[in-house]
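S.K.: Let's see this in three dimensions:
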Amino acid sequence: MSAPLLVVRDLTVTYAPPRRKGSLGTGAALSAVDLEIHAGEIVGVVGETGSGKTTLARATVGLVRPAAGAISFEGKELGVLRGRDLRDFRRSGQVQLAFQDPLRALDGDLTVAQVVAEPLDIVGGLDKAERRRRVDEALGLVGLETSFRDRHPRQLSGGQRQRVSLARAIVTRPRLLFCDEPVSALDVSNRNLVLRLLDTLRTELGLAVVIIAHDLSSLAGVADRVAVFYRGRLVEQGPIGEVLARPAHPYTALLTASAPSVQLEDRLHPDQLRHPLGDTGRTWSDGACVFASRCAFAHDACDEQPALLTVAGSGPDPTRRTAACHVADAWRTQLDPPLDRLDPQKEAVS
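M.R.: Below you'll find the predicted structure:
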């Protein structure tokens, strides 16, 4: 496998000052995150609100400064860039972020052409004719005709505004694109359109795409891999098909079990993965697993946050399947009823 495009190592981001010397602060949004993104792949980043998904994107593009850890892009350490070097990297447009709310992110006083051209004005070095050509090219790539050039964001539908936001993000021809909740405010038809569009863009432009989302199932048809976050921790990652079919971390299993399904199938139920009703559980230390207080399988070892451990995988590269759980390979045996009655694939084989 080729070298990763983006490498995140032991990344910690905090939004509150430390109370004492040596502390990382009380508002840690990310804690000791390790993640790799390869060129040409789509990676889903999922988790509930406040889990650190958007903070990961903001730290990568330089909008927030990490408290600890390292971020490297194409082998270049971003954390050590200062002054002119940092400005040059940002103006190169190689890493872009499409914000969650396109209506608020797009300047309502500018036309679509002006909005999309803004990054090119920052990059500089292009004459008027080349800027116009690049804007038209970006609009074409997201499925908008040049007739949209003179419209304003308020004259567009939600799906069209989202595509304008993507056009602005890709006009610099980036290598890595973060999309923050790109389909959360769209109806089903526009949601599928935008997801298919992202798949097309990664193929035509050869860029890596990171899709931040709450919903695992919405990524099933487009993402290659998924990284699951909970309370600032990366708790599981791996090929999305394997993670959805057989989650290794109890929190990931809870996400998949809580998702609505129209299929008449046996599946895990949320009550099997939570503490029994009325069970307040034990008191956990500050260094405990972040999911311990909600996990039905937590035990004494969980009083210490586990590192990402390799778990069994069936793909060509099983080492890319990891989970931060002491019982990743064992919690299924503790289910009631037993897993054999809940796994339709196993039933089909037998």
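S.K.: okay, CA-based contacts and neighbour counts for the rest of this
M.R.: OK.
S.K.: which residues in the protein form helices?
M.R.: In chain order, the chain shows helices spanning 53-61, 83-92, 102-105, 112-123, 128-141, 158-170, 188-205, 240-245, 250-258, 344-349, with DSSP state H as the criterion.
S.K.: Highest mean neighbour count out of the ones you listed?
M.R.: Neighbour counts (mean count of other CA atoms under 10 Å) averaged over each of these peak at helix 158-170, with a mean of 25.
S.K.: That one vs helix 188-205, what angle?
M.R.: Compare the direction of helix 158-170 with that of helix 188-205 by axes from the mean of the first three to the mean of the last three CA atoms, to 10 degrees and you get 20 degrees.
S.K.: picking that back up, mind putting the helices of the chain in TSV, distance to Arg149 included?
M.R.: As requested, the helices of the chain are exported to TSV (distance: least, CA to CA, whole Å):
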stretch	distance to Arg149
helix 53-61	27
helix 83-92	24
helix 102-105	16
helix 112-123	5
helix 128-141	8
helix 158-170	10
helix 188-205	20
helix 240-245	37
helix 250-258	41
helix 344-349	51
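S.K.: Pick out the shakiest of those helices, pLDDT-wise.
M.R.: Confidence, taken as mean pLDDT, is least for helix 344-349 of the helices of the chain (a mean of 42).
S.K.: Report the central residue of this structure.
M.R.: Val45 (2.2 Å; CA atoms, centre = their mean).
S.K.: So what pairs up with it in the strands?
M.R.: On the basis of DSSP bridges, Val45 takes part in beta bridges with Ile212, Ala227.
S.K.: if I look at it, how far off is Asp329?
M.R.: 23 Å (CA to CA, to the nearest Å).
S.K.: same question, Leu141
M.R.: 44 Å.
S.K.: related to what we said a few turns ago, tell me if I'm right that the residue nearest to the centre of the chain and Ala213 touch.
M.R.: Yes. At 6.2 Å, Val45 counts as touching Ala213 under the criterion of CA atoms under 8 Å.
S.K.: The nearest residue to Gln94 once chain neighbours are set aside: how many residues sit nearby?
M.R.: The spatially closest residue to Gln94, leaving aside those adjacent along the chain, is Pro174, at 4.0 Å (CA to CA, 6 or more residues apart in numbering). With neighbours defined by other CA atoms under 10 Å, the count for Pro174 comes to 18.
S.K.: my guess is Arg294 contacts Asp271, does it?
M.R.: No. Taking contact to mean CA under 8 Å, the distance of 11.1 Å between Arg294 and Asp271 leaves them out of contact.
S.K.: Could you check the pLDDT of Leu342?
M.R.: According to the predicted model, the pLDDT of Leu342 comes to 44.
S.K.: same deal with Gly281?
M.R.: Spelled out, the predicted local distance difference test score at Gly281 is 61.
S.K.: do Ser314 as well
M.R.: In this prediction, Ser314 carries a pLDDT score of 54.
S.K.: same check, this time on the one 4 residues further on
M.R.: Per-residue confidence for Pro318 comes out at a pLDDT of 48.
S.K.: I'd like the numbering to begin with 666 instead of 1 from here.
M.R.: Fine by me, first position is 666 from now on; the one you just mentioned is Pro983.
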